[in-house]
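Undergrad: Predicted model, plus sequence, below.
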Amino acid sequence: MTPRRSLLTAFCAVIVAVVSAPAAAVDGSEYIDAALAGVNEIPGEGVSAPKSAAGIAHATLAMAVDTRPAIETGLERIERAWTTPTGSLDERVTLTRRASLEFGIWNLDAQARSVLAGSLGGDRLENARVAVRLAPDLPAGRVELARAIWLQGDAPMAALRAALAALTAIPRHLEASLWFGGSLLFILGLCFVIAGIWCIALVGSAALPHVAHDLGDLLPGKAPLFARVAMLASLLLAPVALGEGLFGLCAVLSAVGCFYGDLRQRLTIFLAASLFILGAYPVLQLAGSTLETFFADPVAEAAISTAQGFTHPVDQVRLEAAAASDPLAARALAMRARRAGTLGEADAHYQKLLQQAPDDPVIANNAANVRLNLGHMESALALYRRSVELRPDPVVLFNLSQAHGRAFQMDELSNALAEAQHLDGELIAELTALQGAEPVGFVVDQPFGTALIWERILRSIHSDRMAKEIRSLFAPGRLGSDSVFAVSLFGAILVVFGVLGGRISRSHHCARCGHTVCARCDPESRGRSICASCTQLFQPSETTDRELRVARIAELRARDERVERWLVVAAVLIPGAAGLLAKRPVRCLFGSIFAVLALVVLIWRNGVVPDPMVAGATAPLVSILIAAISLLGYFVIVLLSLATRRNA
């Protein structure tokens, strides 16, 4: 038979084998290639070729027909449990929840969102309860449950408990913790920037009349008022003209406050400047890094997608490339292999991770689950015990009890289960219910959690883009681009002008009438806290007209009452003014922080970036709570400051 006819015969045999193979057989293309390679193989080199077409067909059929059952991956099992019709919705949810927990997916966000959107029909309350069972850590589901219970109207305390559960679920949900954390960090950083600038402006502006007066004394002769104001405006606007923006203006006001203020005012300026730098640099940088985690760190993005059950081929390539040096990538690969059903590969990954992180209880638990499913009972029990020793956890103890059950160690099973119930009885009751009446229980994988991602974010700030955009609004020049320069400049201002303020004669307000007292204009007033007119009025001599003195004092008291009413209004409406009026400038700083925080958090009540369908109504709920606490703190400071001023 010629080689061409032999090749044609082999090809026809392969086609017949593939078409007639059962559904469980794997794809036959690779066997076609193998058969063709066998035909073209040169005898005597490597594996010899079959001597006839019948031999080729026989070998090809043997290779094509694979009677091994196909391995069902974790995601396929979860999908099958969710889509297969069952006797009741509760049974369907139970099977889906069990399958997801077994493969370490504690929150089925996609299914929960689908239920909340009404894919199952039913009423609002029933859908919310199903969504919470599918994704117990999803804040959007929890808050929707709270809303449904509240609208039902017969269990307000249950609705409040559900709303509180939505708040406490945020740290446990990876994507929600990143979104809320990044948004709150952004709000806090912006609050620090605005409050720092506002406080410096208030403290410095209080001394501007004295600055205008003293600058006029530097000119020859008696300078008119407009000339003094023009000199002051030139001084204040010089940094703005040089491109330093509002923060440059604050640098001048800081110098004014340090020169004319006392020790408390200088301390307040120091704290306010530190607050601005803290918010403009590390806090906003951390906020940007958190919100841009999915874009700035491709390995973290791939690991998070894998943890949620969605692994793109590109993500797998990234994880495999980084696994040798990145523990997060290695964990994600081990998790992916476990869900794919390739337990040998998963075991190899976990053994490497155990060597790299022997004190990680999550790795020990998940490695024990793989070992248990491979049939290595002793090593699985040892890993479970190691995990419990590192950190007592009800899930690990439940898994340990399941391992003892498979080994028919009933006493050890009871002890482990009792200890797990002591730690979290509600969770163990749920896991026991999910196990049902099956003789062989299931074990639960643990996700790598939010702490690992946050540690990664804190170790390295990936992006400064968002922080630069915010700083450019307030400090477009060098002060906004160079933190070392900003710290050095404000440090120099505090030291230099603080020292000069204690050695150079300055004008000040009269403690009685508020008029300017200047030792250069009136040498006799040097060292006095009140002006010459008030000295004559309140320290009368024998030649002073008593009736005129009484009338003048009554006039001053009426003026003080009018001014005091306006000052109370200003103390309430102008953030930080109450602390300055009570001569407690540090309260000015805290009042500014509380007021600005309430304003900013209400502006961004729905988050800084769009909600990735994890927060729902939890975002405005958190914003309202923060705003309420901030306003309460603000009014407490205002009341304390007014009481201090009245008692002074």
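TA: Received it, and whenever you're ready, just let me know what you need.
Undergrad: C-alpha from now on. contacts and neighbour counts both.
TA: Will do.
Undergrad: Can you tell me the SS state at N107?
TA: Recorded secondary structure, N107: coil (DSSP: H, G, I helix; E, B strand; the rest coil).
Undergrad: so what's the nearest residue to it once chain neighbours are set aside up against?
TA: Of all residues not flanking N107 in the chain, A135 sits nearest, at 4.0 Å (Cα to Cα, 6 or more residues apart in numbering). Listed by Cα atoms under 8 Å, 6 or more residues apart in numbering, the contact set of A135 reads W106, N107, L108, D109, A112, G141.
Undergrad: Could you do F276 as well?
TA: F192, V193, I194, A195, G196, I197.
Undergrad: Just confirm P394 contacts L423, I think it does.
TA: Yes. With contacts counted by Cα atoms under 8 Å, P394 reaches L423, the gap being 5.9 Å.
Undergrad: that older thread, Serialize the contacts of A135 to a markdown table and add fields for neighbour count.
TA: Listed next are the contacts of A135 as a markdown table, based on neighbours: other Cα atoms under 10 Å:
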| residue | neighbour count |
| --- | --- |
| W106 | 24 |
| N107 | 22 |
| L108 | 23 |
| D109 | 22 |
| A112 | 24 |
| G141 | 33 |
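Undergrad: from the residues you listed, which is closest to K468?
TA: Distance to K468 across the contacts of A135 (Cα to Cα) is lowest for D109, with 34.0 Å.
Undergrad: and stretch 603-615, how far apart are its ends?
TA: One end of stretch 603-615 sits 17 Å from the other (Cα to Cα, to the nearest Å).
Undergrad: pLDDT on that stretch, on average?
TA: Within the predicted structure, the mean pLDDT of stretch 603-615 is 92.
Undergrad: buried set for that stretch?
TA: Residues W604, R605, N606, G607, V608, V614, A615 are the ones in stretch 603-615 that count as buried (16 or more other Cα atoms under 10 Å).
Undergrad: May I ask which two of those residues are separated the most?
TA: W604 and V614 (16.5 Å).
Undergrad: and the next element down the chain from the longest helix along the chain?
TA: Longest helix of the chain, by residue count under DSSP state H: helix 174-205. Later in the chain than helix 174-205, the nearest helix or strand by DSSP states H and E is helix 208-216.
Undergrad: between that following helix and helix 174-205, how many degrees?
TA: Using axes from the mean of the first three to the mean of the last three Cα atoms, to 10 degrees, the inter-axis angle of helix 208-216 relative to helix 174-205 is 50 degrees.
Undergrad: Quick one: low-confidence residue ranges for the stretch 251-400 of the chain.
TA: By pLDDT under 70, the low-scoring segments of the stretch 251-400 of the chain are 293-295.
Undergrad: Quick one: the helices in it, in order.
TA: For the stretch 251-400 of the chain, the helices defined by DSSP state H, counting those that start in this stretch occupy 263-278, 284-291, 293-296, 298-307, 313-322, 327-340, 343-356, 361-374, 377-390, 394-406.
Undergrad: so where is the stretch 501-648 of the chain shaky, pLDDT-wise?
TA: In the stretch 501-648 of the chain, residues with pLDDT under 70: 508-509, 511-515, 519-520, 522-529, 532-533, 535-545.
Undergrad: if you set the cut-off to 90 instead, what comes out?
TA: The model of the stretch 501-648 of the chain has pLDDT under 90 over residues 501-565, 567, 583, 612, 645-648.
Undergrad: Okay, strands next: where are they in it?
TA: Here the stretch 501-648 of the chain has its strands, by DSSP state E, counting those that start in this stretch, at 508-509, 516-517.
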